[in-house]
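>>> sequence unavailable; structure follows:
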Ligand SMILES: Nc1ncnc2c1ncn2[C@@H]1O[C@H](COP(=O)(O)OP(=O)(O)OP(=O)(O)O)[C@@H](O)[C@H]1O
């Protein structure tokens with residue numbers, strides 16, 4: 001099998017087609033086409049208000065598609081079912097840990113929601129915490145952890161039931177650069193070693209590796225998609241920051257002329 005996610009025969013875990021979402025008169029997503037590739041760290045990049053959380057909430061099943069659809073393993077997900085949700089791990093932008101419970105109690109609670117026995121839960125919790133170097137903090141309250149450690153606990157929790165698809169919404173907001181690097185390196189490693197599929201929404205470009213598939217969302221429209229280094233090269237910019245700055249600059253026209261648009265062609269899709 002090819003290792004290039006943008007070649008025609010590379011498997012997409014999720015295929016989004018013609019997806020739109022409105023809040024009243026505001027069109028937050030506009031006829032979006034986007035593939036989330038199996039076993040990849042898929043980066044969804046966009047400035048504030050681009051529509052990242054809206055897309056995230058649609059994929060999490062918290063919002064219903066108003067127009068268009070997304071397919072999971074080629075099955076349309078009009079309302080995401082148990083199979084889809086069982087394979088999904090989520091880390092939201094705002095922490096959902098109980099700060100007054102210990103790390104272990106937070107994780108045991110989640111494990112019981114997934115129907116784990118006490119023994120199974122203990123073993124899975126130890127495994128995930130060890131991988132994140134957090135095994136010594138199991139009896140500490142979440143409140144006593146620093147921001148980076150709290151995020152690690154949320155990642156451990158999201159992976160407890162061994163989902164194949166992990167979505168994280170701006171998971172590194174407020175963390176310092178080295179903590180952010182550790183978290184993204186960890187997840188890249190799990191994609192490579194275990195075939196985990198990650199959807200990572202961010203506005204911080206240094207979290208994206210040159211070989212990651214990236215989609216740049218701007219005002220609800222997919223403006224670029226492709227392998228990160230290819231997107232940069234094809235757009236003729238120094239890096240993804242430049243690209244975002246060009247898109248968000250106040251003098252930037254709403255729509256600039258397009259060039260390449262073929263999806264999954266091995267080339268960058270662009271519309272600036
Ligand atoms: N519940 C809502 N009701 C009305 N408008 C909303 C709602 N949620 C989001 N919006 C608007 O939809 C647009 C897209 O918002 P969204 O939160 O999806 O973007 P984002 O890229 O995640 O931005 P941020 O990084 O600021 O969270 C914005 O203009 C936002 O103000």
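Nice, I can see it. All values derive from a computational prediction rather than experimental measurement.

>>> got the domain ranges for the chain?
12-87+163-270, 96-162 (automatic domain parsing).

>>> those domains into TSV, with extra columns for mean pLDDT, mean neighbour count and distance to residue 5?
The C-beta positions use only the backbone N, C-alpha and C, and glycine is treated the same way. Formatted as TSV, those follow (pLDDT from 0 to 100; neighbours: other Cβ atoms under 10 Å; distance: least, Cβ to Cβ, whole Å):
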stretch	mean pLDDT	mean neighbour count	distance to residue 5
domain 12-87+163-270	85	18	4
domain 96-162	96	17	22
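
>>> a markdown table for the ones you listed, including distance to the ligand?
Shown next, in a markdown table, are those (distance: least, Cβ to the nearest ligand atom, whole Å):
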| stretch | distance to the ligand |
| --- | --- |
| domain 12-87+163-270 | 3 |
| domain 96-162 | 16 |
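
>>> residues in contact with residue 78?
64-65, 69 (Cβ atoms under 8 Å, 6 or more residues apart in numbering).

>>> with secondary structure as extra columns, can I get those in TSV?
Output for the contacts of residue 78, formatted as TSV (DSSP: H, G, I helix; E, B strand; the rest coil):
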residue	secondary structure
64	coil
65	coil
69	strand
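
>>> can you give me the strands for the stretch 151-272 of the chain?
For the stretch 151-272 of the chain, the strands defined by DSSP state E, counting those that start in this stretch occupy 165-169, 197-202, 213-218, 221-227, 269-270.

>>> quick one: strands adjacent to the first one?
Right, strand 165-169. Using DSSP bridges, the strands paired with strand 165-169 are strand 88-91 (parallel), strand 197-202 (parallel).

>>> okay, and residue 47 sits in which element?
Under DSSP states H and E, no helix or strand contains residue 47.

>>> so it sits against residue 203, correct?
Yes - judged on Cβ atoms under 8 Å, residue 47 makes contact with residue 203 at a distance of 5.7 Å.

>>> which neighbours do these two share?
What both residue 47 and residue 203 touch, as defined by Cβ under 8 Å, 6+ apart, is the set residue 244.

>>> how about residue 248, nearest residue that isn't a chain neighbour?
Among residues not flanking residue 248 along the chain, residue 47 sits closest, at 4.9 Å (Cβ to Cβ, 6 or more residues apart in numbering).

>>> ok, the one you found to residue 79 distance?
Residue 47 sits 31 Å away from residue 79, taking Cβ to Cβ, to the nearest Å as the criterion.

>>> now residue 27
For residue 27, the distance to residue 79 - Cβ to Cβ - is 22 Å.

>>> again, but for residue 163
19 Å.

>>> helix or strand: which one has the residue of the chain most remote from its centre?
Of all residues in the chain, residue 119 has its C-alpha farthest from the mean position, at 30.7 Å, by Cα atoms, centre = their mean. Residue 119 belongs to helix 118-131 when assigned by DSSP H and E.

>>> name the residues that touch that helix?
103-104, 107-108, 111-112, 116, 135, 137-138, 156-157, 159-162, 186.

>>> which of these fall within helices?
Per DSSP state H, helices hold the following members of the contacts of helix 118-131: 103-104, 107-108, 111-112, 156-157, 186.

>>> nearest to residue 195, of those residues?
Taking Cβ to Cβ as the measure, residue 195 lies nearest residue 186 of those, at 15.4 Å.

>>> the closest one: what's it in contact with?
Residue 186 is in contact with 131-132, 155, counting by Cβ under 8 Å, 6+ apart.

>>> please apply the same query to residue 171.
91, 93, 151, 154-155, 183, 200.

>>> the same query, at a cut-off of 6 Å, please.
By Cβ atoms under 6 Å, 6 or more residues apart in numbering, the residues touching residue 171 are 91, 151.

>>> distance of it from residue 44?
When residue 171 is compared with residue 44 (using Cβ to Cβ), they lie 12 Å apart.

>>> re the thing from before, what's the most distant pair in the ones in helices among the contacts of helix 118-131?
Most distant of these, by Cβ to Cβ, are 112 and 186, 25.6 Å apart.

>>> excluding chain neighbours, what is closest to residue 55?
Nearest residue to residue 55 in three dimensions, chain neighbours excluded: residue 29, at 6.1 Å (Cβ to Cβ, 6+ apart).
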